[in-house]
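In: take a look and give me a structure for this.
(2 chains)
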Amino acid sequence: MKHLQKLMGGTALLASAALIPGLAFATAANTTITNTVTVSYSDAADNAQTPETASVAIDVNLVASAPLVSSPADVDPATEDTAVNLVYTITSTANGPDTYNFTSADTRTNMDADAVGDDPSIPLGATTVASAIVATDTVITVPFDGTDDGVVNGLTDGNTIVIDPTGTAEVATILSVDESTGAATNTVTITLTAGTANGFIYGTTIGQRDTVTVAITTDTITTGTSGTHSIVSTATSDFNGAISTDQATATVITVRRPVLTVTKYVRNATPLTTFNPVAADITVDGVDYYSSGVTGNPGDTMQYLIVIDNSAAGAGTANNIVVSDPIPQFTSFVASSIELDPGTGTFAAQDETADDGDAAELDATGNGTVYVYAGAGGDDTTAGAGNGDGGTLLATEVSHVIFQVTID
Amino acid sequence: MMMNMIRNTLLTLVLGTASMMSMAAPQIALQISAEKEVVEVDENGQQVTRRVAATETVPGDVLFYTISYSNTGDEAARNVQLDNPVPQATAYQANSAWGENSEILFSIDGGKTFKKASNLTYQVTGNDGQTEDRQAAPEQYNSIRWIIEEVGVGAEGSSGFSVIVQ
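Out: The predicted structure is shown next:
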C-alpha cells in the first residue's frame, strides 16, 4: 500500500497533470461532483414500481498553478544595511485556495554579501465560473466549497479578484459572498462592486490578487561609493513546492554611501592686510582663502573656511554631519563669527550659544571648540554643547562653514 | 365446533397465502461506483494501469462510473430504465457508455428527450436565416438512459460510462 501511495503521488499525478493543458478552464477545488442514477421499472403487469436511486460523490482537489508575479521597479538610491521594501502584486491562477511562499535571490556587484529577504507568505483564494458570465453581470455563480461561512474557496468580501487571469484578466472587487444556496444547489454567488466588462465561459478561473511586501536588507559596499543587489523573488505554491513563479525582470537596488571630504582653509581678515598669498586656493562667496602661506600679527583676525564635500561620483546621502573644530592655541574665538552655508550656496550667521535652535554652538571648555551641525536640517537643540543633530548633504552637495579667531 | 375451528384456520392460511402471492413484486437494487486510473510501476519496472475507487479528483481526470443492478424481488422487472444525468463539472467521454442487454440513449436537453447518439441533432440558424441540423458532440450530452427489457428474478447486470473532470 505504501508503494502504491508513493506511486500515486508521483507517476500517477504526472499522468493526470499531463491531461490538463492549463488551468484557464477548470473546476474549482472543494467542488463535490455527485453522480446520481435513477432506475424506474415495472412489474409483470406493467405496474410502475417506486424508482430507486443511487449516488456517488467525488471531491475535486486543488491543482497548484504558478501565480502571476509582478516585477517591482528598481530602487536607487538605497543605503547600506537597510531594509528596502519591494511590493509585489501576486495573482492566483489555481482552481482553489493556496498559500504562496516568497523567497528572494540576489546577484550582487561590489557588495560584501547577498541581500537578505524576509521571505513572507500570502494566502490567495481562487475558484472557477460555474455558470457563464454575461457582460455587465454583477452576480457570478461559483461552485460551493462545502462550508457555509461567507468565504468561498478563500474568497471573501473586499477581495480583489481577476477573472481569467492568464487571458482577458478582468479585475473586479468582491462586495459580498452568499453561500446560503450551497447545500441545496452546490453553487454559491459572489456579488461584485460593479458589473463585468466581459463575458466568461463556464470553468473560467477566478484568482485572487493581492500585494506582498518583501523586505530586502542591503549589505555593505565593498569599495567606492556604490554597489548593486539584483533581486529576483520567487513565489512557490505551499501545496506543491514544484510549482513556482520567478519575477520576470530583476529589481536592481543600487546601494550608495556618502564619501565626505573635509578641507580647511584660512585667510587673514584684517582689513588691508598684506599677509595673504597672491593666489587663492579657493574662492567662496567672492572671498579668497588659502591652504598655506597666511601670516598675521598679534591682534589680527583670521577667518577659517571648512569645506565639507559630498560630490564624489556615485555617492549617497550623508546624514548627521557634525563639524567640531577646536579653537587653535594662542587664538581667541570671535563672538558671532560662525556662518553656515548648508549646501545651498548662501551663508547664514549662526549664534554660538548652545541649545538655541540654530546650527552652531561653542563649547567654552579650555580654549573652546566650535560645533557646527552642517548640511541641511542640522540643529543644536539637544542639551549640552556638542550634542546637536547633524544635518544632511545629498549626493553632489557641498557645505561651507566659516568662523573667526584673533591672534592673541 | 372443533371442525369449524380447523376449517376457519385453514381458510385463513389459504387466504393469507393468496394475499402474499398477490404481493409478489420485482425489486431492483442499485449501486453506483466511481473509479479512476492510476499508473503504477510493478516489480519488473513495467508501467501498469490500475483502476482504484475515486473519492477525490483533479480537473483532467477521467472518472469511470459503473452502475450495478440486480433484481432482489420475486418477480421479473420489466421496462427497466436507468437514467443518469452527466454530473456537473464533467463532460461525457465519446463512446464510453456501455451496458449489458440494453439500448443506450442520450439527451442533449437535460433529460427531456432521449435519442440514439446517431440521431442526436440540434438546430442552428445560419447567417442566411436557414436552419441547419448539426450532430451533437459527445460533450454536449447531459443525460444517459439505458433501457433493459427485463431483469429476471435474481438476475443482475451492469452498465457504465466515463467522464472527464473539467
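In: element containing the closest residue in space to B:Leu30 that isn't next to it in sequence, please.
Out: With Cβ to Cβ, 6 or more residues apart in numbering or on different chains as the measure, A:Ala54 is the residue that lies nearest to B:Leu30, at 4.3 Å, once sequence neighbours are left out. Where you see a C-beta, it was placed from the backbone N, CA and C, and this is true even at glycine. Using DSSP states H and E, A:Ala54 falls within strand A:52-60.
In: after that strand, which helix or strand is next?
Out: Helices and strands here follow DSSP H and E; after strand A:52-60, the next one along the chain is strand A:68-69.
In: where do the helices sit along chain B?
Out: With DSSP state H applied, chain B shows helices at B:2-22, listed in chain order.
In: how close does whichever residue of the stretch 51-200 of chain A sits closest to chain B sit to B:Ile32?
Out: The shortest separation between the stretch 51-200 of chain A and chain B is 4.3 Å, found at A:Ala54 (distances taken as Cβ to the nearest Cβ). Computed as Cβ to Cβ, to the nearest Å, the A:Ala54 to B:Ile32 distance reads 4 Å.
In: pull up the overlap in contacts between the two.
Out: When contacts are counted by Cβ atoms under 8 Å, 6 or more residues apart in numbering or on different chains, A:Ala54 and B:Ile32 are jointly contacted by A:36-37, B:67.
In: and which of those is nearest A:Val116?
Out: Within the set of the shared contacts of A:Ala54 and B:Ile32, A:Thr36 lies nearest A:Val116; the separation is 56.1 Å, counting by Cβ to Cβ.
In: surely the closest one is in contact with B:Asn84?
Out: Yes: at 7.3 Å, A:Thr36 and B:Asn84 qualify as touching, with contact defined as Cβ atoms under 8 Å.
In: neighbour-wise, which of those two wins?
Out: When neighbours are counted by other Cβ atoms under 10 Å in any protein chain shown, A:Thr36 and B:Asn84 differ, and B:Asn84 comes out ahead with 24 against 14.
In: for that one, what are its contacts?
Out: Under the criterion of Cβ under 8 Å, 6+ apart, the contact list for B:Asn84 reads A:35-38, B:65, B:67, B:143-146, B:161.
In: residues near the residue lying closest to B:Asn101 once chain neighbours are set aside, how many?
Out: Counting by Cβ to Cβ, 6+ apart, the nearest residue to B:Asn101 once its immediate chain neighbours are dropped is B:Ile148, at 5.7 Å. Neighbour count of B:Ile148, defined by other Cβ under 10 Å: 23.
In: who's in contact with B:Ile148?
Out: Listed by Cβ under 8 Å, 6+ apart, the contact set of B:Ile148 reads B:80-82, B:99-102, B:157.
In: top of these by neighbour count?
Out: When neighbours are counted as other Cβ under 10 Å, the busiest of these turns out to be B:Leu82, with 26 neighbours.
In: so what's it closest to, chain neighbours aside?
Out: Distances taken as Cβ to Cβ, 6+ apart place B:Trp146 nearest to B:Leu82, at 4.2 Å, with adjacent residues excluded.
In: pretty sure that neighbour sits against B:Glu103.
Out: Yes: B:Trp146 lies in contact with B:Glu103 (Cβ under 8 Å); the separation is 7.2 Å.
In: of the two, give the one with the bigger neighbour count.
Out: Using other Cβ under 10 Å, the more surrounded residue of B:Trp146 and B:Glu103 is B:Trp146, with 26 against 13.
In: what about residue 110, how many residues nearby?
Out: Unless you meant another one, I'm taking chain A. Taking other Cβ under 10 Å as the neighbour definition, A:Asn110 ends up with a count of 13.
In: my question was about chain B
Out: Other residues near B:Gly110 number 9, with proximity taken as other Cβ under 10 Å.
In: my read: it touches B:Tyr141, true?
Out: No: checked against Cβ under 8 Å, the pair B:Gly110 and B:Tyr141 is beyond contact range at 10.6 Å.
In: ok, now which ones touch the spatially most central residue of chain A?
Out: When chain A is reduced to its mean C-alpha position, the closest residue under Cα atoms, centre = their mean turns out to be A:Asn85, at 1.9 Å. Shown here is A:Asn85, whose contacts under the criterion Cβ under 8 Å, 6+ apart are A:213-216.
In: ok, now which ones touch the residue lying closest to A:Ala335 once chain neighbours are set aside?
Out: The spatially closest residue to A:Ala335, leaving aside those adjacent along the chain, is A:Glu352, at 7.0 Å (Cβ to Cβ, 6+ apart). Under the criterion of Cβ under 8 Å, 6+ apart, the contact partners of A:Glu352 comprise A:333, A:335-336, A:338, A:360-362, A:370.
In: what about 10 Å?
Out: Shown in contact with A:Glu352 (Cβ atoms under 10 Å, 6 or more residues apart in numbering or on different chains): A:333-338, A:358, A:360-364, A:368, A:370-372, A:380, A:385, A:403.
In: next, the closest residue to A:Thr31 other than its chain neighbours: phi, psi?
Out: On the basis of Cβ to Cβ, 6+ apart, the spatially nearest residue to A:Thr31 that is not a chain neighbour turns out to be A:Pro143, at 3.8 Å. For A:Pro143, the backbone dihedrals are phi -60, psi 150 (criterion: degrees, to the nearest 10).
In: many thanks, I have nothing further to ask.
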